[in-house]
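Peer 1: this one's sequence-less:
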Ligand code: VOV
């Protein structure tokens, strides 16, 4: 058996995609819509307090195309807390007009492919910053789930550790070219959801997603082993713009 990579695991993560039922939303009176929006904003204010206390993080984006209209990305220390916010969203009036479109459950993950510093990694401030990240509220987000292929000669899980390490090193080098342009958060989902990882990219320039993902297709690890689910791309929805977004 090949040596399994060891993972460091951080906050639990829910990507929650919804489609707005505009036809039903329009049947409400202005006053009812206002009440629903205000109730929702109160919930977001609660998330902001959690984030300010470093006990979790969240980001809200509108999503392009017909796969969904809105995405909530939520991070919490436990799966129970994550479930609590999912349920809190579902109990709001607004949720009656948000049809579930897709969801993804995972946990922020770092692996030991690259050399680590000495000592307990969970005490290392740089590692902690990456395992318990405050989500950057960049203009754009890109999310997709992915697997590593297990087919014939292209079976990632049969490769020796050293070979996987070399491939991941090359992957990291390509990624580093996008430093300052794209922030990646890799979440592991083996045993939690349909794919093995969730890839969430943040950038102020949406075109950088296309450039990075395309360039990575030529990296051996993506070219030989990458299998991808649906891609979602979107624009930040700050609290102040929620009312405008929902205005009909
Ligand atoms: C924005 C740039 C960027 C950078 C700098 C970067 C670097 C790194 C490093 C150094 C490491 C390994 C150590 C760790 O931290 O785990 C990883 C790990 C990983 N990556 Fe990555 N990645 C990036 C970006 C980046 C992208 C765009 C993708 C999607 C691939 C594509 O073709 O669409 C991706 C995927 C992954 C995955 C699935 C893993 C876990 C693989 C596993 O088998 O465990 N990643 N990644």
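Peer 2: Okay, I see it. Keep in mind that what you see is a predicted model, and the values were worked out from it rather than measured. Residues are numbered from 1 along each chain as shown.
Peer 1: out of everything not next to it in sequence, what's closest to the residue of the chain found nearest the ligand?
Peer 2: Across the chain, no residue is closer to the ligand than residue 175, which sits at 2.2 Å (Cβ to the nearest ligand atom). To be clear about C-beta, it is placed using only N, CA and C from the backbone, and glycine gets the same treatment. In space, not counting the residues next to it along the chain, residue 175 is nearest to residue 184; the distance is 6.7 Å by Cβ to Cβ, 6 or more residues apart in numbering.
Peer 1: which residues does the one you found form beta bridges with?
Peer 2: For residue 184, the beta-bridge assignment (DSSP bridges) gives partners residue 201.
Peer 1: which residues are in contact with it?
Peer 2: By Cβ atoms under 8 Å, 6 or more residues apart in numbering, the contact list for residue 184 reads 175, 199, 200, 201, 202.
Peer 1: filter the residues you listed to the buried ones?
Peer 2: With neighbours counted using 16 or more other Cβ atoms under 10 Å, these contain these buried positions: 199, 200, 201, 202.
Peer 1: filter the residues you listed by proximity to the ligand?
Peer 2: When Cβ under 6 Å from any ligand atom is applied, the members of the buried ones among the contacts of residue 184 adjacent to the ligand are residue 199.
Peer 1: tabulate the buried ones among the contacts of residue 184 in a markdown table, adding columns for pLDDT.
Peer 2: What follows is the buried ones among the contacts of residue 184, written out as a markdown table (pLDDT from 0 to 100):
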| residue | pLDDT |
| --- | --- |
| 199 | 99 |
| 200 | 99 |
| 201 | 99 |
| 202 | 99 |
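Peer 1: assign the residue nearest to residue 121 when sequence neighbours are not counted to helix, strand or coil.
Peer 2: Spatial nearest neighbour of residue 121, chain neighbours left out: residue 127 (4.7 Å); criterion: Cβ to Cβ, 6+ apart. Under DSSP: H, G, I helix; E, B strand; the rest coil, the three-state class of residue 127 is helix.
Peer 1: do the same with residue 34
Peer 2: For residue 34, the reduced secondary structure class is helix; criterion used: three-state DSSP.
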